[in-house]
Each structure stands twice: as structure tokens, then as C-alpha cells.
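Asker: turn this into a model:
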Amino acid sequence: MFSSIINTENLITYAEILSRRKFRPGYDSMTAEGALAWLRINGDRLCRELHDGVYRPMPAVGFRTAKNRGGYRKLSRLTALDTVIQQAVLDGVTQICEERFSDNSFAYRSDRGVSAAVTRYIALAGTYGFAAKLDFSACFDNMDHGVLENALKIFFEDEKIAALIMQYVRMPVSDDGEILNPEKGILQGMPLSPLLCNIYLHSADCFMAEKEIPFVRYGDDIVLFAKTPEEAEAWRDAVCTYCKTECRLSCHSGKCRIDSPSRLTYLGHRFESDRRGLIAESGADDSRVTYHTWRSGEITDPHRRVDILSDGILRQRDYDLLFETETEENDIPPMTTDVINIYSNVIFDDGFLKYAMKSGIRINVFDEQYNKIGTFLPDRPLKSPSLLHKQLLVYYDEEHRLSLAKEFVLAYIHNVCLNIRYHNKETPAPEYKEVLTALEKLKKKIKDECDSYDNLLMLEAQAHREYYSCFDLMLQEEGFVFETRSERPPKNEVNSLLSFGNTVLYNLLAAEIQKTSLDIQVGFLHATNQRRESLNLDMAEIFKPLIVDRVVFRLINMRILKAEHFRHFEDGAVYLNADGKRIFLRAFYDKLETVVSVGVQKKRMSYNSIIAEEIRKLIRHFRQDEKYKAFRQVR
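Answerer: Numbers count the residues shown, from 1 in each chain. The predicted model follows:
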């Protein structure tokens, strides 16, 4: 076997292939064309050295990209000769490995890839109601050389093949002129690396098969399926324990989640249930089968909005934007992205910003306390000066401005009353009726007696207090209390959820408004003054009770969010951690897709569509003097 792979004719063939590709020289500066010429003269001598086991690879050139927390991520580049040898070995042994690999393994295998993995995921999800998604901490960097060497000996009877591969596993790396000899891990950038990943994790595949655990694996991205949460937890613990003891790999606790298969993302795909079972969303991109799309748990992409929750780097790559962490890469297609919200520590350069701005993408950056650090907006020309003029005319017309502001407050009161009636129906309490009576009186005052902007703000504040007075009645889970509204900072978990949800809603509305010719700085209920954004705050009053508050009630009352999803600070502030934010955003975007009846014709619309229509109604009000009536949900 070794002789069929390592011979001069075969190596020259692979050198010819390399010379037709774009290749950057490695440690010895030899080009692909140079390697081809060298092999034609010295190929026999090289093959003898390889057969005798005396050949030693040249050092790989280490190069770095900035990491999320100020360090660097190390990659490597081989010499032309070592690239040719590795490619020859890879093609020579792949078929042998394919005969042994599990049918549930899909990464780096011909006729498989992401689409096949997602298809298997869907098939298993149709049978099992729960799934445990596993992820390992820096899998490539932590692979144990001894474990890998034993695995190679099992796979290959020809000891020379295993020995040659281990030479490349242990090959030195030139790092800024210093030669390093890695004691663990596999260099990223070698042709053999993907195959070695599958060989390394093959024993875990066998373990899961022996335990009869239904699973799908793509690289180190594993999902286990079970019929109950308890079974999913048991499978997860068993596999993580095996991988730690036998493979020397630790599961990344922050990425191991147990949930319904329809609520997990896998390889860039989201899923939904229908009458036929579990299906992949139509918007999923099945064609992406490359290394950098292993995982998408750290980045959400619901309907042209991208939320980044983990630390990493944002940069441009070709015609895409790329989000890169220590263990994964995720493409962000500019043509299908309107907004990028960054909730973590992210590095980005002017190249990323220039391309994002050119692509018309709004970028919002938040700190850990939900405060917006800043917003990068595409430089757009004023599309409709006449609309801005009419918007300003309304703003400076005190009577007209007051009537619009009233609409936002009246719609808010109507929608909070809807929430209260729902909870009163579920768990009746006299306090609900008292609050509903008080809110109806406030509505009447606003309609009949309110004649000034200051008076309206006072009545709005009273409405908020009345509504919040029964918040604790709506919360059914012990350990979660509201008490009173605290914002800067939020002093408990419920207030933290409200603050984060409002932040997400404000920025969603801002992005939608800025697609139009409306000026977001010109609000009618919230004072403009020096505020950069006001109109979105006005419109948020309509949707806070229907979207944010309902998401908060659901996550708490259904015990989806727990104490472990929050961080407590010395000043008494409470904020969601990364996992908590991820759970909230998933529920928030699910709520946006909820369909409700609208208007007398009971037209079925999602909240996403209702928000867009609400903005169009406001535009028609300014342009055509069409009376604006803010959205009031029927039930």
C-alpha cells in the first residue's frame, strides 16, 4: 500500500495538480512549479527517504489572526513538497477509512456533507422528541497524539502509513522565527486534518453505536436524540464522559444544550414542525458544505437579522462577511442581511465596516448591560425630502403631534389590558379587575381631558404603574419576582429580561424605520432633543406588551429560563449571560413569526408583517393625511 502511494510518478501527478492551483509557498519558499521541477529530478531520492522512514517534514509556517480577547488564533501553511505528499496520502487512504467510518458521520466525506447530515437530523427528529447538542472545546487544538496514533494503527495495517502521518501530526511549526514542537493537537491547514478528525472521533462513533444512541455527527458537532429529556441528559453525560476519558476531549459546557429538535440549529439550519413531521426551513442554505460552517449556535440569522452572542472577529472574506471564533467560522451573506447586532466582545476592522456599509447593513454594538455603545449606519442619500418635511410639520404642530402621541399611548393601554384579561382568565384574581378598571379610566382621560403633552406623559406613567402592579400575579414560577420597574440597572431577573427585550425591540424597529424615508430622530411621544432615535421608541409602546412582555411570561412560566442564565453584580445589577440571551432571542424571533388576526376582516399576519405595515401606515399618514390608528390586537 505504501509503495502504491509513495512513488515518483504519483507524487509528480499531485505536484502537477498543485501547480494549477493558487498556492502560497511555505517555510522553504518553494513554489508549486518549483516542487514539480524538483520532483522530476529528485523524486526517487525523496521516495527512498519516505520508504526508509528517515524523511522529516519541513516546519509548517505558523500565521495568526486576532482572537476575540486580544490574543491570536494560530493557523499553518505547509511547504509545497509536504502538501504534495499529504495530498497523495490522503487520496490513497481515504477509501480504506470510508469503509470503516460510521453511517452517522457526515463531515469531509464524498457524497455526504451538510445536506446529508441535515437530512439524517430530520429523519431522527421525526422519531425522537428531544435532542442533546454537543460541542467540544477546541477539538483540533486538543487532540491527543497518543490517542490518534493508536487510532491510526487500528485503521492501517501498513505501519509505514501510520508512521508517516504521525510525522506530520508532530511536525514542527515556525512561529515568528522560533521552531516549536506541538505536544498535542492537529495543525489546521493540512490536507490530512479533516480525515484525521474523523479517524480520531471514530471510537466515539463506535461507542454511541454500541450504546444504541441515535446520533448524527458532522466533524465535532454532534447531536444525540432521545425520547425524553432524562434520556437525552443520560446520553449526553455518557458520551461526554467517554470522550473525556478515552479521547481526552472536554465537552464545551456552554454549547451543550438539550431541547426539542425543532428548536435547535444545526449546521446553519433552523427547523420547524408541520403535519408531516420535522422539516428544514425553506430559507436554509443546503449548499454550504465547507469547513467554516460546522456550527451556528453562536450566531442567529432570523429573517435578515444577525445576532452575535459569542466573542470573535468580524472581517470580510471575498464577497461575504465572516464571523470567526476560536473554534468556528460563520458566513454572513451581505445580500440577505439588513442588521448585525453585536452583544459580545468582537473585533472588526475597517475592511469589514467598509464592506458592511457598502452592502447597506446596519451594525449595532451593545455592552454587557444592554446599553448601545454605538451604531454604524450605511451612508444613504435622503430618499424623500418631501416626506421629511411633512414629518417635521406634524412635529411642530402641537395639536397634531399630541394626537399622534395619544395614539401610541392608547394602543399601549389597549394591548396591556389584553395581557391582563388573558391572565385573569387563566388564574382569576380581584387585582386584575381593579387594574383593568383603572386603565379604562386612564383611557377615557386621555381621550376626553388630556390637552397637553406633559399631561399625556403623566397619564402614560400612571398606566405603566397600574400594569406593573399586577406583574407578579402573572409570574407563576417561584424565584422570579418583579416588585417594581428598575432599568438602569435592572435589579432582578424579571427587570433584566424586560430591559433586554425592550433593547432588542427598539433596534428591530429602528432597522425597519431606517429602510424607509422616515427620520428616526423625529419622535412624537418621546422627546427628540439630543436623542438619536425617538420614533422607534414611540412605536415600541405598541408592541412591548404583545411581544416583549409575552416572551418574558412564557420563558419564566414555562421554566425555560432559570437562575443559571443570569449574572449578578456587586451593585445589585442583574443581566442575562450569553446562554440566557440566546434563549431569549430565540423566543423573541419565534414570537415575531406568530400569526394573529388583524382588522375587521381578520386578516392573518405575523408580528413581523404587522410591524412593517405599522410603519407604512405612519408614512401614509404624513403623505396622504390618512388618519393614523395604532395597532390594537383583538385577542
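Asker: partner strands of the strand or helix carrying residue 132 and their direction?
Answerer: Secondary-structure assignment from DSSP states H and E places residue 132 in strand 130-134. Strand 130-134 has its sheet partners listed here by DSSP bridges as strand 221-226 (antiparallel), strand 257-259 (antiparallel).
Asker: with mean pLDDT, mean neighbour count and distance to residue 193 added, can I get the ones you listed in TSV?
Answerer: To be clear about C-beta, it is placed using only N, CA and C from the backbone, and glycine gets the same treatment. Rendered in TSV, the data for the strands paired with strand 130-134 read as follows (pLDDT from 0 to 100; neighbours: other Cβ atoms under 10 Å; distance: least, Cβ to Cβ, whole Å):
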stretch	mean pLDDT	mean neighbour count	distance to residue 193
strand 221-226	92	24	16
strand 257-259	85	18	27
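Asker: hmm, back to that, show me what counts as buried in the strand holding residue 132.
Answerer: 130-134 (16 or more other Cβ atoms under 10 Å).
Asker: swap in stretch 149-166?
Answerer: Counting neighbours by 16+ other Cβ under 10 Å, the buried set in stretch 149-166 is 151-152, 155-156, 160-162, 164-165.
Asker: now stretch 509-523
Answerer: Of the residues in stretch 509-523, those buried under the neighbour-count criterion (16+ other Cβ under 10 Å) are 509-514, 516-520, 522-523.
Asker: and stretch 187-200, by the same measure?
Answerer: Counting neighbours by 16+ other Cβ under 10 Å, one finds that the buried residues in stretch 187-200 are 187, 189-200.
Asker: stretch 575-586 now?
Answerer: Residues of stretch 575-586 classed as buried by neighbour count (16+ other Cβ under 10 Å): 575-576, 578-586.
Asker: mind listing which of these are in strands?
Answerer: Helix and strand membership here follows DSSP state E; of these, those in strands are 575-576.
Asker: so which of the buried residues of stretch 575-586 is the closest to residue 619?
Answerer: residue 585 (28.4 Å; Cβ to Cβ).
Asker: grab the nearest non-local neighbour of that closest one.
Answerer: The shortest distance from residue 585 to any residue other than its chain neighbours is 5.4 Å, reached at residue 307 (Cβ to Cβ, 6 or more residues apart in numbering).
Asker: strand partners (parallel or antiparallel) of the helix or strand encompassing that neighbour?
Answerer: Secondary-structure element containing residue 307, defined by DSSP H and E: strand 305-308. Counting by DSSP bridges, the strands paired with strand 305-308 are strand 299-300 (antiparallel), strand 339-342 (parallel).
Asker: hey, least reliable of those strands by pLDDT?
Answerer: Per-segment confidence across these bottoms out at strand 299-300, which has a mean of 52 in mean pLDDT.
Asker: adding distance to residue 369 and pLDDT, write the buried residues of stretch 575-586 out as TSV.
Answerer: TSV is the format used below for the buried residues of stretch 575-586 (distance: Cβ to Cβ, whole Å; pLDDT from 0 to 100):
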residue	distance to residue 369	pLDDT
575	6	87
576	10	86
578	14	81
579	17	82
580	14	84
581	12	85
582	17	83
583	19	85
584	15	87
585	17	86
586	21	83
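Asker: can I get the buried residues of stretch 575-586 in TSV including distance to residue 457?
Answerer: Below are the buried residues of stretch 575-586 laid out as TSV (distance: Cβ to Cβ, whole Å):
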residue	distance to residue 457
575	28
576	30
578	36
579	37
580	32
581	31
582	36
583	34
584	29
585	31
586	35
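Asker: nearest to residue 179, of the buried residues of stretch 575-586?
Answerer: Minimum separation from residue 179 among those (Cβ to Cβ) is found for residue 578, which lies at 37.8 Å.
Asker: just the ones of the buried residues of stretch 575-586 in helices?
Answerer: Among the buried residues of stretch 575-586, the members found in helices (DSSP state H) are 578-586.
Asker: how about these in JSON lines, adding distance to residue 174?
Answerer: Formatted as JSON lines, the entries for these read as follows, by distance: Cβ to Cβ, whole Å:
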{"residue": "578", "distance to residue 174": "36"}
{"residue": "579", "distance to residue 174": "39"}
{"residue": "580", "distance to residue 174": "43"}
{"residue": "581", "distance to residue 174": "40"}
{"residue": "582", "distance to residue 174": "39"}
{"residue": "583", "distance to residue 174": "44"}
{"residue": "584", "distance to residue 174": "46"}
{"residue": "585", "distance to residue 174": "43"}
{"residue": "586", "distance to residue 174": "44"}
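Asker: what stretches of the stretch 451-600 of the chain score poorly on pLDDT?
Answerer: In the predicted model of the stretch 451-600 of the chain, residues 527-531, 600 satisfy pLDDT under 70.
Asker: now the helices for it?
Answerer: With DSSP state H, counting those that start in this stretch applied, the stretch 451-600 of the chain shows helices at 453-469, 471-474, 493-513, 535-543, 549-557, 578-592, listed in chain order.
Asker: need the buried residues of strand 130-134 in CSV with distance to residue 625 and pLDDT, can you?
Answerer: As requested, these are arranged in CSV below (distance: Cβ to Cβ, whole Å; pLDDT from 0 to 100):
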residue, distance to residue 625, pLDDT
130, 55, 91
131, 54, 91
132, 58, 92
133, 54, 91
134, 59, 88
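Asker: between those residues, which sits nearest residue 492?
Answerer: Using Cβ to Cβ, residue 133 is the member of the buried residues of strand 130-134 that sits closest to residue 492, with 29.9 Å.
Asker: state the distance from that closest one to residue 236.
Answerer: From residue 133 over to residue 236 the distance is 9 Å, taken as Cβ to Cβ, to the nearest Å.
Asker: okay, and the common contacts of these two?
Answerer: Between them, residue 133 and residue 236 share the neighbouring residues 256, 258, with contact defined by Cβ atoms under 8 Å, 6 or more residues apart in numbering.
Asker: any low-confidence regions in this protein?
Answerer: By pLDDT under 70, the low-scoring segments of the chain are 63-74, 176, 252-255, 273-303, 317-320, 326-329, 335-336, 379-383, 527-531, 600.
Asker: which helix in it has the most residues?
Answerer: Scanning the chain for the longest helix, with DSSP H as the assignment, gives helix 398-426.
Asker: off-centre distance for that helix?
Answerer: In terms of Cα atoms, centre = their mean, to the nearest Å, the centre of helix 398-426 is found 34 Å from the chain centre.
Asker: same question, stretch 558-576
Answerer: Remark: stretch 558-576 is offset 21 Å from the chain centroid, using Cα atoms, centre = their mean.
Asker: what does it contact?
Answerer: Residues beyond stretch 558-576 that count as contacts (Cβ under 8 Å, 6+ apart) turn out to be 368-370, 477, 479, 489-493, 495-497, 500, 554-555, 577, 579-580, 583-584, 587.
Asker: try it again with 6 Å
Answerer: The list of residues contacting stretch 558-576 from outside it, by Cβ atoms under 6 Å, 6 or more residues apart in numbering, reads 489-493, 496, 500, 555, 577, 579-580.
Asker: and of those residues, the nearest to residue 91?
Answerer: residue 579 (42.0 Å).
Asker: check contacts around the closest one.
Answerer: Contacts here follow Cβ under 6 Å, 6+ apart; on that basis residue 579 touches residue 565.
Asker: that one and residue 585, how far apart?
Answerer: According to Cβ to Cβ, residue 579 stands 11 Å off from residue 585.
Asker: again, but for residue 45
Answerer: Computed as Cβ to Cβ, the residue 45 to residue 585 distance reads 60 Å.
Asker: shouldn't residue 342 be in contact with residue 365?
Answerer: Yes: taking Cβ atoms under 6 Å as the contact criterion, residue 342 and residue 365 are neighbours in contact, 4.8 Å apart.
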